[in-house]
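Colleague: Sharing a sequence plus its predicted fold:
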Amino acid sequence: MGFKEFQVSEGAVARGRAIGLYGDTSKRLARMARRSAPFTGAAGNRRFNDFVLTTEGQSVVWVERLDPQQAA
């Protein structure tokens, strides 16, 4: 049994670049989703460091920076 493989939407890639993720943004987001923890919040459903990801099945559809107040 291996890691889940996530697909990343074009919207998530564009948003990732807008908030400071550079390089191969799609690959970075897929890796972040694979390593993320479940998260309960309005911003998304997975968390990796200071990013919140919205996933639907095996797809990353949005990424946002975590609001420090939500992390507490």
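Modeller: Now that the structure is in, tell me what you want to look at.

Colleague: where in this structure is pLDDT low?
Modeller: Regions of the chain meeting the criterion pLDDT under 70 cover residues 1-3, 68-72.

Colleague: which SS state does the residue positioned nearest the centre of it fall under?
Modeller: Taking Cα atoms, centre = their mean as the criterion, residue 53 is the residue nearest the geometric centre of the chain, at 3.0 Å. Secondary structure state of residue 53, per DSSP: H, G, I helix; E, B strand; the rest coil, is strand.

Colleague: Nearest residue to it in space, please, no chain neighbours.
Modeller: The spatially closest residue to residue 53, leaving aside those adjacent along the chain, is residue 46, at 4.3 Å (Cβ to Cβ, 6 or more residues apart in numbering). No exception for glycine: its C-beta is placed from N, CA and C like everyone else's.

Colleague: residue contacts, that neighbour?
Modeller: Shown here is residue 46, whose contacts under the criterion Cβ atoms under 8 Å, 6 or more residues apart in numbering are 33, 36, 37, 38, 39, 52, 53, 54, 55.

Colleague: and of these, the nearest to residue 16?
Modeller: Each of the contacts of residue 46 was checked against residue 16 using Cβ to Cβ; the closest is residue 53, at 9.6 Å.

Colleague: about what we covered before: contacts only, for the residue nearest to the centre of the chain.
Modeller: For residue 53, the set of contacting residues under the criterion of Cβ under 8 Å, 6+ apart consists of 12, 29, 32, 33, 36, 44, 45, 46, 47, 60, 62, 63.

Colleague: next helix or strand past the helix or strand encompassing residue 31?
Modeller: For residue 31, the enclosing helix or strand under DSSP states H and E is helix 25-35. Helices and strands here follow DSSP H and E; after helix 25-35, the next one along the chain is strand 37-41.

Colleague: Neighbouring strands of that following strand in the sheet, and parallel or not?
Modeller: Paired with strand 37-41 in the same sheet, following DSSP bridges, are strand 44-48 (antiparallel).
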